[in-house]
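Visitor: Structure for this input, please:
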Amino acid sequence: MKTLSLTLATLLATTAPAIAQDQAAPAATTPAVTTNETIKPQPVPTIPSAIATSPDGSIAVTVATDGEGHATYSVTRKGTLIVKPSRLGFLFTDAPKFDRHLKIETVTRDKADSTWTQPWGEWKTIRDNHTEMRVRLRETDRLQRAIDVVFRLQDDGIGFRYVFPDQPNFKTVNIAEELTQFAFAEDATAWWKPGFEWNREEYLYNRTPLADVGTAATPITLKLARGTHVALHEAALTDYAGMNVAKVEGNTLKAVLTPGAGAPKVTRTGPFATPWRTLILSDDAPGLYMSHIELNLNEPNKLGDVSWVKPGKFVGVWWNMITGKWSWATGPNHGATTAHVKTYIDFASANKIPGVLVEGWNVGWDGDWFGDGTAMQFDTPTPDFDAGYLAKYAKSKGVYLIGHNETGGSASHYDGQLDRAFAFARDHGIPAIKTGYVTDAGQIERVDPDGSQHREWHEGQWMVNHYTRVVTTAAKYKVSIDSHEPVKDTGLRRTYPNWIAREGSRGMEYNSWAGKNPPEHEANLAFTRMLEGPMDFTPGVLSLKGTDDSDLLSTIAKQLALYVVLYSPVVMAADTPENYAKYPAAFQFIKDVPTDWSDTRVLNGEVGDFVTFARKDRKSNDWYVGSVTDENARTLTVALDFLDAGRTYTAQIYRDGPGADYKTTARHAITIETKRVRKGDTLTLALAPGGGQAIRFKAR
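Guide: Numbers count the residues shown, from 1 in each chain. So this is what the prediction gives:
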């Protein structure tokens with residue numbers, strides 16, 4: 001890498017054309033000059049603006065200051081303005097805001113082009129080709145504080161963050177709010193879910209004009225009037241409050257940080273960097289998903305050898321609790337008994353499914369635990385759950401157990417048991433734990449060492465640090481974490497590869513209850529929640545039956561397609577063994593489909609309407625396709641250009657059968673057929689209302 005620092009003194013010696021040339025692209029390094037001569041500082045003009053472009057030149061960012069010294073950034077793509085000049089800055093709880101009387105003091109540039117390998121994921125190798133511009137903003141008034149704004153530009157988007165340098169007059173930083181804005185230059189359609197509501201991230205997506213957005217969680221996905229698609233999110237959320245966005249006026253959004261228990265939303269000691277604010281830019285919806293900017297903006301793996309992190313499918317003592325047949329609490333309907341779990345182990349072993357999730361196995365579930373998990377003991381089984389016997393039995397069957405640690409929102413109580421909980425998991429051959437934080441937003445229980453009690457938000461700074469403590473402590477015991485009621489995913493699975501999945505949206509359980517997910521939900525998720533990273537959606541309910549024998553708003557073929565569409569390296573076969581026994585032909589696809597991929601393509605899609613994915617198995621030459629639609633029937637033509645050249649494949653097709661419709665008793669209609677195909681062929685996908693199609697391309 002080469003770095004160029006443009007100081008004000010250097011700019012005095014350049015001509016105006018030279019400045020413009022430097023702003024257009026990274027420049028060569030100027031040799032350093034060392035001298036012992038004392039030079040009297042000279043007044044120099046402020047740099048008027050700084051420009052950076054992406055490697056292919058399609059995206060440009062301009063940073064400037066106005067007449068009052070407000071700093072702004074703007075973004076263009078292919079010559080079209082995407083983000084108008086938008087404010088940068090901060091409000092503090094104990095100091096004047098960083099907003100006015102700013103000048104651009106220095107501009108530093110960098111670039112890199114490299115590839116790195118994921119230990120697991122949707123792509124085996126990731127390319128990181130970017131340019132970087134670091135702009136130092138300094139106050140011209142008496143305080144003279146400085147903050148850097150660092151921009152990274154890829155050909156498919158940008159990320160920017162603030163860096164607080166080490167400075168004697170600004171050590172401890174108490175942030176009340178960011179002043180970051182996103183002033184979109186065009187009207188747009190927005191897909192978003194509300195922020196700061198009681199049910200955390202578990203809301204359906206609204207589709208509204210951008211001007212009608214209220215306060216929204218990120219990612220928020222936009223389709224601008226001229227067709228450009230934008231996904232606004234953040235990356236590398238560590239030791240900071242999560243970002244939501246709120247409408248200012250017109251098409252302008254502003255960052256709104258998640259509160260904490262105290263007045264500052266963030267307290268840090270310099271030097272430090274904020275998370276990246278990210279904008280993925282694409283001609284269409286599929287291009288949003290194909291971006292790697294979130295992962296590339298995170299630090300590399302900090303855990304070293306992570307060969308112990310194992311992707312895989314699992315069944316579990318779960319759906320019968322969701323539907324009300326069994327209970328988490330002990331008693332006559334207790335689900336997590338030795339006998340029940342043994343049945344699931346036998347089923348998993350017979351069908352070569354490596355994992356068995358068990359919920360409700362530990363002391364603490366009896367009584368009203370929602371929002372108060374202080375009775376939970378994470379290394380103490382209930383009397384009817386013989387953990388030692390089941391661990392040995394599972395191992396003898398080639399199966400492992402997956403643990404469940406529900407905190408009831410009592411995060412400090414869980415903090416005090418982390419080592420005990422993960423030592424118990426290690427000693428019982430449990431490689432992964434599903435954690436839970438079921439309590440209303442803003443009601444996480446925090447107890448400080450002095451005994452004082454506070455209430456926190458799931459995505460406030462204190463909880464962001466708690467989730468990181470959980471993941472890093474689990475890594476010491478070679479345990480992976482699947483977080484439910486989580487902090488949003490911002491690409492930290494690159495840094496901590498044992499953070500294998502999260503929930504963070506409405507999953508399959510909502511299909512069991514009243515107020516079910518509508519048929520468009522999964523097509524919304526593909527271009528909203530799934531832009532964060534893996535989601536533990538728990539698909540595969542082939543019975544299509546929920547609580548009180550209610551009907552799921554899906555066809556059986558769609559349930560199969562979700563294994564390809566909604567990615568997670570640990571994915572559940574959520575239905576019960578007895579229900580799978582009723583649909584053995586469809587269940588075959590669930591047994592076959594992998595959970596770890598070497599390549600992924602999005603073949604088509606529109607946000608909230610339909611999407612088709614193709615993914616290549618990391619352990620074979622087989623490809624898989626999954627396609628889902630909303631409430632409308634669709635016919636899609638797919639070119640098989642993703643298949644490997646020179647190979648012949650047997651396409652094992654699972655499609656909606658004659659008359660299939662999510663609204664009728666024909667939701668179970670499915671046709672299973674095979675045909676021989678090669679690269680360059682095309683297939684027609686006929687999707688029923690609320691339906692889907694799943695295909696395995698088995699290499700010959």
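
Visitor: Quick check: the gap between residue 488 and residue 532.
Guide: Distance of residue 488 to residue 532, given as C-beta to C-beta, to the nearest Å: 6 Å. The C-beta positions use only the backbone N, C-alpha and C, and glycine is treated the same way.

Visitor: Common neighbours of the two, please.
Guide: Taking C-beta atoms under 8 Å, 6 or more residues apart in numbering as the criterion, residue 488 and residue 532 both touch 502, 504.

Visitor: Bridge partners for residue 111, pull those for me.
Guide: residue 131 (DSSP bridges).

Visitor: Check whether it really touches residue 53, as I assumed.
Guide: No - between residue 111 and residue 53 no contact is recorded; they are 10.4 Å apart, counting by C-beta atoms under 8 Å.

Visitor: Only the buried residues of stretch 70-79, if you could.
Guide: For stretch 70-79, a neighbour-count test (16 or more other C-beta atoms under 10 Å) marks 70, 71, 72, 73, 74, 75, 76, 77 as buried.

Visitor: If we only consider the residues you listed, which is nearest to residue 660?
Guide: Minimum separation from residue 660 among these (C-beta to C-beta) is found for residue 77, which lies at 40.8 Å.

Visitor: Could I get the contacting residues of that closest one?
Guide: Taking C-beta under 8 Å, 6+ apart as the criterion, residue 77 is in contact with 58, 59, 228, 281.

Visitor: quick one: which of those sit in helices?
Guide: Assigned to helices by DSSP state H, none of the contacts of residue 77 qualify.

Visitor: ranges for the strands of the stretch 101-250 of the chain?
Guide: Taking DSSP state E, counting those that start in this stretch to define them, one finds strands in the stretch 101-250 of the chain at 102-117, 125-139, 146-154, 157-164, 172-178, 181-184, 188-192, 206-209, 215-217, 220-224, 229-235, 243-249.

Visitor: Tell me the helices and strands packed up against the shortest one.
Guide: It refers to strand 215-217. strand 188-192, strand 243-249 (3 or more C-beta pairs under 8 Å, 6 or more residues apart in numbering; DSSP states H and E).

Visitor: what lines up beside the first one in the sheet?
Guide: Strand 188-192 pairs in its sheet with strand 206-209 (antiparallel), strand 220-224 (antiparallel), by DSSP bridges.

Visitor: who does the lengthiest helix in the chain touch, helix- and strand-wise?
Guide: Taking residue count as the measure and DSSP H as the definition, the longest helix of the chain comes out as helix 461-476. Applying 3+ C-beta pairs under 8 Å, 6+ apart, one finds that helix 461-476 contacts helix 411-415, helix 418-427, strand 480-483.

Visitor: 10 Å instead, please
Guide: Using 3 or more C-beta pairs under 10 Å, 6 or more residues apart in numbering; DSSP states H and E as the contact test, the elements touching helix 461-476 are strand 266-269, helix 411-415, helix 418-427, strand 432-436, strand 444-447, strand 453-456, strand 480-483, strand 499-502.

Visitor: Make a markdown table from those and add mean neighbour count, mean pLDDT and distance to residue 163 to it.
Guide: Written out in a markdown table, the entries for the helices and strands packed on helix 461-476 read as follows (neighbours: other C-beta atoms under 10 Å; pLDDT from 0 to 100; distance: least, C-beta to C-beta, whole Å):
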| stretch | mean neighbour count | mean pLDDT | distance to residue 163 |
| --- | --- | --- | --- |
| strand 266-269 | 18 | 98 | 11 |
| helix 411-415 | 21 | 98 | 29 |
| helix 418-427 | 18 | 98 | 31 |
| strand 432-436 | 24 | 98 | 32 |
| strand 444-447 | 21 | 98 | 28 |
| strand 453-456 | 16 | 98 | 26 |
| strand 480-483 | 25 | 98 | 28 |
| strand 499-502 | 27 | 98 | 25 |
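
Visitor: picking that back up, so which of the helices and strands packed on strand 215-217 is the most surrounded?
Guide: When you average the neighbours per residue for each of those (mean count of other C-beta atoms under 10 Å), strand 188-192 leads with a mean of 22.

Visitor: Could you pull up the mean pLDDT of that one?
Guide: For strand 188-192, the per-residue pLDDT values average out at 98.

Visitor: ok so, going back, among the strands of the stretch 101-250 of the chain, which is nearest residue 479?
Guide: Between residue 479 and the strands of the stretch 101-250 of the chain, the shortest gap by C-beta to C-beta is with strand 102-117, which sits at 22.7 Å.

Visitor: The closest one to strand 146-154, inter-axis angle?
Guide: The directions of strand 102-117 and strand 146-154 differ by 40 degrees, with axes from the mean of the first three to the mean of the last three C-alpha atoms, to 10 degrees as the criterion.

Visitor: so who does the nearest residue to residue 49 once chain neighbours are set aside touch?
Guide: On the basis of C-beta to C-beta, 6 or more residues apart in numbering, the spatially nearest residue to residue 49 that is not a chain neighbour turns out to be residue 64, at 4.0 Å. Counting by C-beta atoms under 10 Å, 6 or more residues apart in numbering, residue 64 touches 47-51, 70-74, 85, 104, 135.

Visitor: May I ask which two of these are separated the most?
Guide: Looking across the contacts of residue 64, with C-beta to C-beta as the criterion, the two at the greatest separation are 51 and 70, at 18.1 Å.

Visitor: Give the buried residues for the longest helix of the chain.
Guide: For helix 461-476, burial by neighbour count (16+ other C-beta under 10 Å) applies to 461-464, 466-468, 470-475.

Visitor: report the angle between the axes of it and helix 418-427?
Guide: 30 degrees.

Visitor: Below-threshold pLDDT in the protein: ranges please.
Guide: Low-confidence segments of the chain, defined by pLDDT under 70, span residues 1-46.

Visitor: How is it partitioned into domains?
Guide: With automatic domain parsing as the criterion, the domains of the chain are listed as 4-296, 309-504, 508-568+578-700.
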